[in-house]
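Visitor: Could you look at this predicted model? Sequence included:
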Amino acid sequence: MSLSSVQSTLSTLKSCQTDVGGCMDMVSDVALGIVEAQGTADCPALNKLEEMMLECSRLDIEINCFVESVDEMTAQVRHEPPDAMVKLKDSVRNRYNELMAGVSDVDLQRHSKVVAFKDSVSKFYNQASQTPTENAEDLDEDIAVTQSQTNFICPLTQVEMVNPVRNKKCQHYYDQEAVLEMIQRRHRNKKKFRCPKVGCGNTDVQQSDLELDLVMRRMIQNQKRQSGKS
């Protein structure tokens, strides 16, 4: 076994991890569809989807622990004699078991996409179940807030977003494809990417700052459907 083959295997594993994240987004999107169709945030189907999210959470954590154990152990043997590689497999296994022993059910629940799943379901249900019982003053205020928050136009492309992502630092939205392309282009030129929203002081937007907003995406999709009917 060579270090190059180990790194190649890790690269493949990390690609699988990306697929796991995409699967979790799909499960969350299905959950929002159930809330929209059934008008409830508490049903057996949603509970089953939450179980699926937790299973994906465990898989994602397992991959992280394995990658971490491999990185740690290969770093130790990198400058040692070649015969040290013989013990690499056992060393990685032992370190992996140590890391996984510290993983609890609470850690699964704290996975960012599991948290986002629950928040999205709750947020979407609350929006869908709102009734026009507020007085006119409150309603006008709600409309103003909604209009200020629900801007479907990407500040980069100036067209309606397809996959809106929210910047966790400044709370602004961009289309996923456009912002990732811009970040990568700026980084290739050794430059930082500044939030394009007028007046925003966020001068260094990182890919890790962005999270897909499934509720916003469904709102955009619903608006398109409504526009098609009218």
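Guide: It's in.
Visitor: What residue spans form the domains of the chain?
Guide: What automatic domain parsing lists as the domains of the chain is 3-124, 145-229.
Visitor: least trustworthy helix or strand in this structure by mean pLDDT?
Guide: helix 136-149 (a mean of 46; mean pLDDT, DSSP states H and E).
Visitor: How far does the helix or strand following it sit from its chain's centre?
Guide: Next along the chain after helix 136-149, taking DSSP states H and E as the criterion, comes strand 164-167. On the basis of Cα atoms, centre = their mean, to the nearest Å, strand 164-167 sits 10 Å off its chain's mean C-alpha point.
Visitor: Which residues does the helix or strand just after strand 164-167 contact?
Guide: Using DSSP H and E, the helix or strand that follows strand 164-167 in sequence is strand 173-175. Residues outside strand 173-175 that contact it (Cβ atoms under 8 Å, 6 or more residues apart in numbering) are 151, 154-157, 159, 161-167, 196, 210, 213, 216. Backbone N, C-alpha and C define where each C-beta goes, glycine included.
Visitor: So for strand 173-175, mean pLDDT?
Guide: For strand 173-175, mean pLDDT is 96.
Visitor: Direction included, what does it pair against?
Guide: Paired neighbours of strand 173-175 in the sheet (DSSP bridges): strand 164-167 (antiparallel).
Visitor: If you average the pLDDT over the strand it pairs with, what comes out?
Guide: For strand 164-167, mean pLDDT is 95.
Visitor: Only alpha carbons, please: show that strand as PDB.
Guide: What follows is strand 164-167, C-alpha atoms only, in PDB (Å, rounded to 0.1, in the frame of the first residue of the first chain):
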ATOM      1  CA  PRO A 164     -31.200  29.700  -3.300                       C
ATOM      2  CA  VAL A 165     -28.400  29.600  -0.700                       C
ATOM      3  CA  ARG A 166     -28.300  31.700   2.400                       C
ATOM      4  CA  ASN A 167     -25.100  33.300   3.700                       C
END
